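[1] Structure for the following, please:
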Amino acid sequence: MKEAMVVKATDFAGRPQDLFINDLTQSKGMILADYGSFWRDHRRFALKTLKNFGLGKKSMEERIHEETKFIIKTLDKSIGKTLSPQVMFHFAASNIICKVLFGIRYEYDDETIKMILRQSYGYVYSLFIGSKPAVVINGFKTMKEAMAVKAIDFAGRPQDLFINDLTQSKGMILADYGSFWRDHRRFVLKTLKNFGLGKKSMEERIHEEIKFTIKTLEKSIGKTLSPQVMFHLAASNIICKVLFGTRYEYDDKTIKNIVQCIRKLNQSTGAES
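    Residues are numbered from 1 along each chain as shown. Okay, the predicted model is just below:
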């Protein structure tokens with residue numbers, strides 16, 4: 001690893017390339033571009049600009065430390081309550097950027113930015129997140145109309161050229177709303193009910209698997225454990241119990257291969273980050 005990342009760093013400095021992304025970005029930029037003269041020029045410009053804004057200097061460190069205090073206060077206030085760490089850290093990162101660019105920060109429950117957008121564009125407006133268009137809905141009445149009154153109009157899924165070609169626009173999880181989706185949903189629900197979905201037999205299988213999960217946790221006291229892998233194995237065992245009538249130990253090669261294949265499939269389609 002040292003030889004690859006340090007000694008031969010240039011040889012391993014590239015990024016995975018995608019035909020659609022390359023066509024969209026014209027193979028320029030930094031994050032998605034491959035290593036080369038364009039990448040070096042953009043990197044040099046980006047670093048110079050960021051340094052002018054304080055990157056690598058004490059002023060940037062002070063802004064981060066200042067924002068960290070507000071994060072700690074928010075965490076203290078949220079003891080015993082539900083809190084989305086993802087949203088909180090998005091606010092924190094945005095505040096650091098606002099502090100650098102505009103010299104001001106906003107409270108995490110501040111409505112200023114939302115109000116600016118609402119007054120400028122109304123309760124429904126669109127914007128681009130990267131290269132993809134998105135629609136933002138504000139207000140309870142507008143959200144109720146979108147999600148309840150006009151539910152069918154908002155029942156679709158984000159579409160991707162690669163996924164559509166791979167699945168032929170069929171299936172359930174990634175398919176767009178339409179006749180194909182409704183037919184597949186009807187078939188899937190009927191089949192799952194035959195396998196015990198919504199019945200006591202399914203509940204018993206889940207309870208049985210939980211016992212093995214608890215035993216695994218007890219054995220791992222004082223040791224390192226990946227909860228993600230463990231719960232993947234548990235969920236896969238429940239499915240295997242339904243389909244084949246058997247379960248596997250968590251260290252069994254068969255179940256590990258099944259989970260590994262599913263993860264690779266998800267990664268290849270972008271379903272797993």
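[2] my guess is residue 123 contacts residue 142, does it?
    Yes - Residue 123 is within contact range of residue 142, at 4.5 Å (criterion: CB atoms under 8 Å). Every C-beta, even on glycine, is put in place using the N, C-alpha and C of the backbone.
[3] in the stretch 151-273 of the chain, which spans are helices?
    161-167, 179-194, 200-219, 227-244, 253-269 (DSSP state H, counting those that start in this stretch).
[4] Show me the common contact partners of residue 123 and residue 142, please.
    Common contacts of residue 123 and residue 142 (CB atoms under 8 Å, 6 or more residues apart in numbering): none found.
[5] how does the chain divide into domains?
    If you go by automatic domain parsing, the domain ranges for the chain are 2-120, 195-273.
[6] where among those is the average confidence lowest?
    For the domains of the chain, mean pLDDT drops lowest on domain 2-120, to a mean of 76.
[7] Now do that domain: distance to the chain's middle.
    16 Å (CA atoms, centre = their mean, to the nearest Å).
[8] again, but for stretch 221-232
    21 Å.
[9] Identify all contacting residues around that stretch.
    For stretch 221-232, the surrounding residues in contact (CB under 8 Å, 6+ apart) are 213, 216, 217, 250, 259, 262, 263.
[10] need the helices of the stretch 151-273 of the chain in CSV with distance to residue 102, can you?
    Converted to CSV, the helices of the stretch 151-273 of the chain look like this (distance: least, CB to CB, whole Å):
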stretch, distance to residue 102
helix 161-167, 38
helix 179-194, 45
helix 200-219, 48
helix 227-244, 39
helix 253-269, 39
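[11] ranking the ones you listed by burial, who's on top?
    helix 227-244 (a mean of 16; mean count of other CB atoms under 10 Å).
[12] the inter-axis angle of that helix versus helix 253-269?
    Angle of helix 227-244 versus helix 253-269, following axes from the mean of the first three to the mean of the last three CA atoms, to 10 degrees, is 110 degrees.
[13] Can I get helix 227-244 in PDB, CA atoms only?
    The C-alpha trace of helix 227-244 is given here as PDB (Å, rounded to 0.1, in the frame of the first residue of the first chain):
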ATOM      1  CA  PRO A 227     -22.900  -4.200  13.200                       C
ATOM      2  CA  GLN A 228     -23.500  -3.500   9.500                       C
ATOM      3  CA  VAL A 229     -22.200  -6.900   8.400                       C
ATOM      4  CA  MET A 230     -23.900  -8.600  11.400                       C
ATOM      5  CA  PHE A 231     -27.400  -7.100  10.500                       C
ATOM      6  CA  HIS A 232     -26.800  -7.900   6.800                       C
ATOM      7  CA  LEU A 233     -26.200 -11.600   7.800                       C
ATOM      8  CA  ALA A 234     -29.300 -11.600  10.100                       C
ATOM      9  CA  ALA A 235     -31.600 -10.200   7.400                       C
ATOM     10  CA  SER A 236     -30.200 -12.600   4.900                       C
ATOM     11  CA  ASN A 237     -30.800 -15.500   7.300                       C
ATOM     12  CA  ILE A 238     -34.400 -14.500   7.700                       C
ATOM     13  CA  ILE A 239     -34.900 -14.500   3.900                       C
ATOM     14  CA  CYS A 240     -33.100 -17.900   3.600                       C
ATOM     15  CA  LYS A 241     -35.300 -19.300   6.400                       C
ATOM     16  CA  VAL A 242     -38.400 -18.100   4.400                       C
ATOM     17  CA  LEU A 243     -37.200 -19.300   1.000                       C
ATOM     18  CA  PHE A 244     -35.200 -22.500   1.800                       C
END
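[14] what angle sits between that helix and helix 179-194?
    80 degrees.
[15] Report the inter-axis angle for helix 227-244 versus helix 200-219.
    150 degrees.
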